[in-house]
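Trainee: heads up, no residue letters with this:
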């Protein structure tokens with residue numbers, strides 16, 4: 001007869017194999033994108049704004065951090081417990097929390113760049129599309145640093161409630177011994193958890209959604225208005 005523990009181990013291993021496939025696909029995809037985009041970032045003949053290329057590179061590195069964190073999750077599933085210690089647990093949970101907030105910020109910056117390169121004047125278009133790391137114009141790098149600073153300010157309190165936790169999985173009343181499993185967990189009190197969930201929703205979903213919609217809707221509206229003005233001017237001219 002198959003015991004409950006064997007079923008749980010089998011389930012964890014199956015899930016771990018699925019995560020391995022996802023992790024390998026993630027590593028391959030991001031490395032492929034990087035090897036395509038990285039040379040274009042420093043190409044003088046490529047016409048797509050360099051800032052967008054830079055943001056794509058940042059997203060790839062952010063996603064690679066997630067893929068690295070997934071390795072810890074896979075090993076945790078296979079072993080059935082956390083084996084990397086308290087510091088590694090804190091770092092893993094911090095990176096995981098950052099990746100809930102940081103990519104949406106970068107997506108908004110990409111949307112904003114697209115908007116400014118189409119709808120703004122020549123000076124603003126040049127400022128938004130430039131990414132000259134070796135010179136004085138480091139606007140894209142500066143915006144990314146500001147976004148990262150905001151994210152770190154949000155998630156650093158996360159460390160107060162992160163860490164390893166001993167869980168009793170078996171207890172022998174005769175020998176008075178217990179079997180423990182070490183888990184890496186984020187266990188805030190209910191009020192702090194509710195507050196963190198609200199902040200997560202507002203910062204990582206609501207604000208990026210509003211910003212992305214605004215910038216993407218503004219572009220066709222601007223182009224429509226400019227087309228109407230061009231038609232009106234042509235009629236007036238003739």
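Mentor: That came through fine. Note that the structure is a prediction, hence the values are computed from the model and not measured. Residues are numbered from 1 along each chain as shown.
Trainee: now the helices for the chain?
Mentor: 4-41, 50-79, 85-119, 122-129, 139-155, 190-201, 207-237 (DSSP state H).
Trainee: need the ones you listed in TSV (columns: mean pLDDT and mean neighbour count).
Mentor: C-betas here are computed from N, CA, C, even on glycine. Conversion of the helices of the chain to TSV gives the following (pLDDT from 0 to 100; neighbours: other C-beta atoms under 10 Å):
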stretch	mean pLDDT	mean neighbour count
helix 4-41	82	13
helix 50-79	89	18
helix 85-119	85	19
helix 122-129	57	15
helix 139-155	87	16
helix 190-201	84	12
helix 207-237	67	12
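Trainee: could these go into a markdown table alongside distance to residue 183?
Mentor: Formatted as a markdown table, these follow (distance: least, C-beta to C-beta, whole Å):
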| stretch | distance to residue 183 |
| --- | --- |
| helix 4-41 | 13 |
| helix 50-79 | 8 |
| helix 85-119 | 9 |
| helix 122-129 | 46 |
| helix 139-155 | 20 |
| helix 190-201 | 17 |
| helix 207-237 | 31 |
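Trainee: select, out of these, the one closest to residue 166.
Mentor: The minimum distance between residue 166 and the helices of the chain falls on helix 85-119, with 11.7 Å, by C-beta to C-beta.
Trainee: angle of that closest one against helix 139-155?
Mentor: Counting by axes from the mean of the first three to the mean of the last three C-alpha atoms, to 10 degrees, helix 85-119 lies at 140 degrees to helix 139-155.
Trainee: next, the angle helix 190-201 makes with helix 85-119.
Mentor: 30 degrees.
Trainee: run the chain-centre distance for helix 85-119.
Mentor: Its chain's C-alpha centre and that of helix 85-119 lie 4 Å apart, by C-alpha atoms, centre = their mean, to the nearest Å.
Trainee: any idea of the angle that helix forms with helix 50-79?
Mentor: 150 degrees.
Trainee: tell me, how many residues neighbour residue 84?
Mentor: Neighbour count of residue 84, defined by other C-beta atoms under 10 Å: 15.
Trainee: around residue 162, count how many other residues there are.
Mentor: 22.
Trainee: whoops, I mixed them up, residue 157
Mentor: 15.
Trainee: any idea how far it is from residue 96?
Mentor: 15 Å (C-beta to C-beta, to the nearest Å).
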